[in-house]
Every structure is written in structure tokens, then in C-alpha cells.
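quick one, what's the 3D model for this:
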Amino acid sequence: MNKLFVSLFKSPSFLPGAMGAFLDKPKTEKQNSHGEGNSLHYGLSSMQGWRVEMEDAHAAVLGLPSSLDAWSFFAVFDGHAGSRTATYCSQHLLGSIMDGTSFCGDDPAAVRSAIHAGFLRVDEDMRGCPDRSGSTAVALLASPRRLYFINCGDSRAVLCRGGRVQLATHDHKPADPVECERIVRAGGSVTVQRVNGSLAVSRALGDFDYKCANGRSPTEQQVSPEPEVYEVERSEDDEFALLACDGIWDVMSNEDACSFIRSRLQLQDNLEEVCNSLLDTCLHKGSRDNMSVVLVCFPNGPKVSEAAVRQEAELDRHLEARVEEIMQMEENGTPSMAEVMRVLASEAIPNLPPGGGLASKHGTIEAVYTRLNPHGEDVDSHGAEGGGTAATHLLDVLRQFRINHRGEYRQVLEGTLSSFCQPCDSPNPDEGDPEGTAPLPESVTGGDMRGCSGEAPAPPTA
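Below you'll find the model as predicted:
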């Protein structure tokens, strides 16, 4: 069994991008900004989290040039294999869309054309750079009459209108049949739900190692820079738009994120703090990626409610009392923070924040725990004591594996395990598949993938 797990950890197909990509403890310092204009309020927050490097970038512009001062632009860029592409796009994508702009008014067809041309233009501008990084992009272009949501990759935007999710962009993933078909036609494959077993997104800016098919246009390559544009008429019922990288959506559904944001906006109007709360909640829900979010509030968004503030205060008092009781009842000494959280998680606690649950109150609980146990052992406040044992590392890897393959976790895990057990059946395990080229089973490649091959995956890049 030990040899099996050694093989699993050495294999890039088990958990692409996980090994060697995480810190011992997350970096929770945040970069914040906010602004107001054009009847909009925005706040943004970004956090490195568990990742070794911060590869996200963002943009927020209130008032555009060329007589478009009533327009605004917001975007989140989730970089991979480096931060250069994300940073470049945060500085130049809007200018590329506006360059030689084909729209001077709010004509949806002209705006769509300018957005499409801008993405392809900024992508081509980066081609000569030796850097091989890439980045997703999710953006909102807001005019006085319309909202243009733009997506390229697996970051996501949602629009909350009248208390519910009105619109959500579509993630561009290699396992999607349409995306997979393009990848295969361009000479690639989809293995472990990744382009050539390596890249987890099927559309992105940069990533020129996947854009080398001769005779094919930029939008016909294995990885396409083509954005998907969603145009909606603005409504008085519009409450807010949320743009976020996949570090948020890995652990929260669209509905949960919107419910959580609505509940926080009833407690305070500081949008930076609302965004910070979302990031911290996702961290404690298990996200191990960089996290960035832009929250754009419309005039009729949720307002601070005295009743909601009182209810939150009552919840905090209840949690404080329960933490004190749990620590006093423990017969074998002071319980760990993780043990306190496990006890609370087993209880039916009323009025926990919708969409956030107990994870969103981790900071409150930890503050009480630290006050009552100021000289206690060093506790990893993000879920595991010490954080250095092999068992803890294995649990972290399996948890991230489950996030990466949510919806097909069991199928993919069983297929991966079986693929590594096969060499053990040979008389001499050391002679089993010496080149490492044995095809992976269908459960790893995803089964019916319209011709996607099961070839051995390349080293991970994202």
C-alpha cells in the first residue's frame, strides 16, 4: 500500500498541479480596493491563500475614455504557470477592446464585436513574449442600459437580481463536448479532464504551447482565446454582480455565493470587508487556490438591516457560549481548535449565514478559542494541528483531488487507483510498464470524449 501511494504522489495524473504547489500555511493578507461612480459601488479583494505564488490580477475602471464616461469595466484574471499573462491582461485588455473601437454607442452587436476583437488582439500581442504562462478572464462591461458579462476560461460571473441568480457565465472546461471536439481537431487530447493531461481550462489568454496548430485560426487551437459574451438589459431589480476566480467556485455554488453576499450586505456597506469575508469563508471551506473577487453593487442592492445585525450578534453570542462550554467539558485537557469545530459542526446551530455556514464564522470561533487558551499549543487555524504529518498531507491532497474532480470524484479516483495497481500484477513490479506509457482507463479520461485519447499525461502546468 505504501508503494501505491508513493506511485500516486509521483504521478502528475493523480492530482495535477497539487504537488509542490502549496505552502505550509496559507497567506491570508489581502489586497483591497473600492470605488464609486456611475451609480455603482464596487469592492475587491484578493488573497494568495495556500499557493506558493500569487498569480491573480484584477481591473476596475469607472468611466471609460472615448466619450464613454458613463460606462464601467471590471475584471478578474486567474493566472497559471506564472502571473505575467494575468498582469498584462489586467493592464491592457480594456485598451485592446477600446482600440480602434467599432462602437460609440450601446449597440450590442458592435460591443460584442469589439470585445471579441479585443481578446484576440491582446492575445496576439503577447505571442512574441518568451513567457509561457496563461490566464482566464472574466469581466463586466456596464453601460447605462446594458450589462455585458464576458468569460474566457473557468473563472465565473454571476448576476443577482431580485434575490436570486439571474445569470451565470459558463465555465470553459476540456471535458465539455464542444471544447473537447475542438481540442482533438487541433491535435490535442483530454486526459484526466485536462488538455493533454495538463491544462485544466480549454479557453485562456496566453498558453501559447497549446496554440501551435498550423493552418488553424486562433479560435480553432487546442486552447482558444475566444470570449463568450452575455448581454442583458439592466433592471431596477439588479442587486449586484460577482466576478471571481475558480478558487471561489471550487467550494461554493452560484446560489450559495449570492445568498452569502446578500446576507453580508445586510450587515455592513463596506464592500471590501464583504469581499474579505467571502474569501475567508472559502478558505475555511477548503479552497487551496489563489482567490480574487470583484463585487459590483447596483443602486437597489441589499442595504444594512438592524434586524440582520441583531440576529448576527445573537449568533456570535451563542457561538461564544458554546465554545466556552465545549472547552470546559473536555475531560482530556484542552481540546484543539479542530475538535471544537467538529463538535459545532455536529450541532444544529440556528441562523448561520446562508451559503457560508459554520465556515463563515471560523474567525469568530477562533477568536474565542484563542482568548480562552492564550498559551495553548500551536494550532493551524485552517483545519489541522501541526499540519506537517504525512496523514495530514494525504488528507489535504485527497480533499483537493475531490474539489478538482467534483461530480466525478469516485469514478476518477477508482480509475486512477486501478491504473497504478496494474504493474503490481506482473511477476516483477519493477518491470511493469517501464516507459510509463500504458493507456489510462476510461474512468480517468472521462469515458465518451468524442475521440479524446487516453495517452499518458504531460507534466502539469495549472
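
can you give me the helices in the stretch 201-350 of the chain?
For the stretch 201-350 of the chain, helices defined by DSSP state H, counting those that start in this stretch occupy the ranges 246-249, 254-265, 271-284, 306-329, 337-345.

how far does the fourth one sit from the chain's center?
Centroid separation for helix 306-329 versus its chain: 31 Å, with C-alpha atoms, centre = their mean, to the nearest Å.

what residues does that helix touch?
Contact partners of helix 306-329, identified using C-beta atoms under 8 Å, 6 or more residues apart in numbering, comprise 263, 266-267, 334-335, 340, 343-344, 347, 349-352, 361, 364-365, 368-369, 372-373. All C-beta spots, glycine's among them, are computed from the backbone N, C-alpha and C.

alpha carbons only: can I get stretch 265-280 in PDB?
In PDB, the C-alpha atoms belonging to stretch 265-280 read as follows (Å, rounded to 0.1, in the frame of the first residue of the first chain):
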ATOM      1  CA  LEU A 265     -24.600  43.300   2.700                       C
ATOM      2  CA  GLN A 266     -27.400  43.500   5.300                       C
ATOM      3  CA  LEU A 267     -24.700  43.700   8.000                       C
ATOM      4  CA  GLN A 268     -22.400  46.400   6.500                       C
ATOM      5  CA  ASP A 269     -21.900  48.600   3.500                       C
ATOM      6  CA  ASN A 270     -18.100  48.200   3.400                       C
ATOM      7  CA  LEU A 271     -17.700  46.200   0.200                       C
ATOM      8  CA  GLU A 272     -14.000  45.400   0.900                       C
ATOM      9  CA  GLU A 273     -15.000  43.700   4.100                       C
ATOM     10  CA  VAL A 274     -17.800  41.800   2.400                       C
ATOM     11  CA  CYS A 275     -15.300  40.500  -0.200                       C
ATOM     12  CA  ASN A 276     -12.800  39.600   2.600                       C
ATOM     13  CA  SER A 277     -15.500  37.700   4.400                       C
ATOM     14  CA  LEU A 278     -16.200  35.700   1.200                       C
ATOM     15  CA  LEU A 279     -12.500  34.800   0.700                       C
ATOM     16  CA  ASP A 280     -12.100  33.800   4.300                       C
END
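
figure out which of the helices of the stretch 201-350 of the chain is closest to residue 233.
helix 254-265 (19.6 Å; C-beta to C-beta).

which pLDDT does the model give the closest residue to residue 281 other than its chain neighbours?
Residue nearest to residue 281 in three dimensions, not counting chain neighbours: residue 360, with 4.2 Å by C-beta to C-beta, 6 or more residues apart in numbering. Note on residue 360: pLDDT of 98.

I figured residue 360 hits residue 353, correct?
Yes - counting by C-beta atoms under 8 Å, residue 360 touches residue 353, with 4.6 Å between them.

tell me which other helices or strands the strand or helix carrying residue 368 touches.
Per DSSP states H and E: residue 368 is located in helix 362-372. Applying 3 or more C-beta pairs under 8 Å, 6 or more residues apart in numbering; DSSP states H and E, one finds that helix 362-372 contacts helix 271-284, helix 306-329, helix 337-345.

any idea of the angle the longest one forms with helix 337-345?
Translated: helix 306-329. 120 degrees (axes from the mean of the first three to the mean of the last three C-alpha atoms, to 10 degrees).

could you give the angle of helix 306-329 to helix 254-265?
100 degrees.

convert the C-alpha atoms of helix 306-329 to CSV, please.
Taking Å, rounded to 0.1, in the frame of the first residue of the first chain, the C-alpha atoms of helix 306-329 are listed here in CSV:
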residue,chain,number,x,y,z
GLU,A,306,-30.9,46.4,12.0
ALA,A,307,-32.8,43.1,12.4
ALA,A,308,-30.0,41.3,10.5
VAL,A,309,-27.3,43.0,12.6
ARG,A,310,-29.1,41.9,15.8
GLN,A,311,-29.5,38.4,14.6
GLU,A,312,-25.8,38.2,13.7
ALA,A,313,-24.9,39.5,17.2
GLU,A,314,-27.1,36.8,18.8
LEU,A,315,-25.4,34.1,16.7
ASP,A,316,-22.0,35.4,17.8
ARG,A,317,-23.1,35.3,21.5
HIS,A,318,-24.4,31.7,21.0
LEU,A,319,-21.1,30.6,19.4
GLU,A,320,-19.0,32.2,22.2
ALA,A,321,-21.1,30.4,24.9
ARG,A,322,-20.8,27.1,23.1
VAL,A,323,-17.1,27.3,22.7
GLU,A,324,-16.7,28.0,26.4
GLU,A,325,-18.9,25.1,27.3
ILE,A,326,-17.0,22.7,24.9
MET,A,327,-13.7,23.7,26.3
GLN,A,328,-14.9,23.3,29.9
MET,A,329,-16.5,19.8,29.3
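
mind listing what's buried in it?
For helix 306-329, the buried set under the neighbour-count rule, 16 or more other C-beta atoms under 10 Å, comprises 308, 311-312, 315, 319-320, 322-323, 326-327.

in this structure, where is pLDDT below threshold?
Applying pLDDT under 70 to the chain picks out residues 1-20, 100-104, 330, 376-462.

could you chop it up by domain?
27-297, 306-335+337-372 (automatic domain parsing).

quote the end-to-end distance of the first one.
End-to-end distance for domain 27-297, by C-alpha to C-alpha, to the nearest Å: 28 Å.

can you give me how far it is from the chain middle?
10 Å.

same question for stretch 361-371.
Averaging C-alpha positions (C-alpha atoms, centre = their mean) puts stretch 361-371 26 Å from its chain's average.

so where's the longest strand in this structure?
What stands out as the longest strand in the chain, according to DSSP state E, is strand 22-37.

what lines up beside it in the sheet?
Here strand 22-37 has these sheet partners by DSSP bridges: strand 40-51 (antiparallel).

got the angle between the partner strand and helix 271-284?
Going by the same axes, to 10 degrees, strand 40-51 makes 30 degrees with helix 271-284.

output strand 40-51 as PDB, nothing but the C-alphas.
Only the C-alpha atoms of strand 40-51 are listed here, as PDB (Å, rounded to 0.1, in the frame of the first residue of the first chain):
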ATOM      1  CA  LEU A  40     -22.200  51.800  -9.000                       C
ATOM      2  CA  HIS A  41     -20.300  50.800  -5.900                       C
ATOM      3  CA  TYR A  42     -17.500  48.200  -6.100                       C
ATOM      4  CA  GLY A  43     -15.200  46.500  -3.700                       C
ATOM      5  CA  LEU A  44     -12.500  43.900  -4.500                       C
ATOM      6  CA  SER A  45     -10.300  41.600  -2.600                       C
ATOM      7  CA  SER A  46      -7.500  39.100  -3.500                       C
ATOM      8  CA  MET A  47      -5.600  36.600  -1.400                       C
ATOM      9  CA  GLN A  48      -2.700  34.300  -2.100                       C
ATOM     10  CA  GLY A  49      -4.000  31.500   0.100                       C
ATOM     11  CA  TRP A  50      -2.200  28.200   0.100                       C
ATOM     12  CA  ARG A  51      -0.500  28.700  -3.300                       C
END
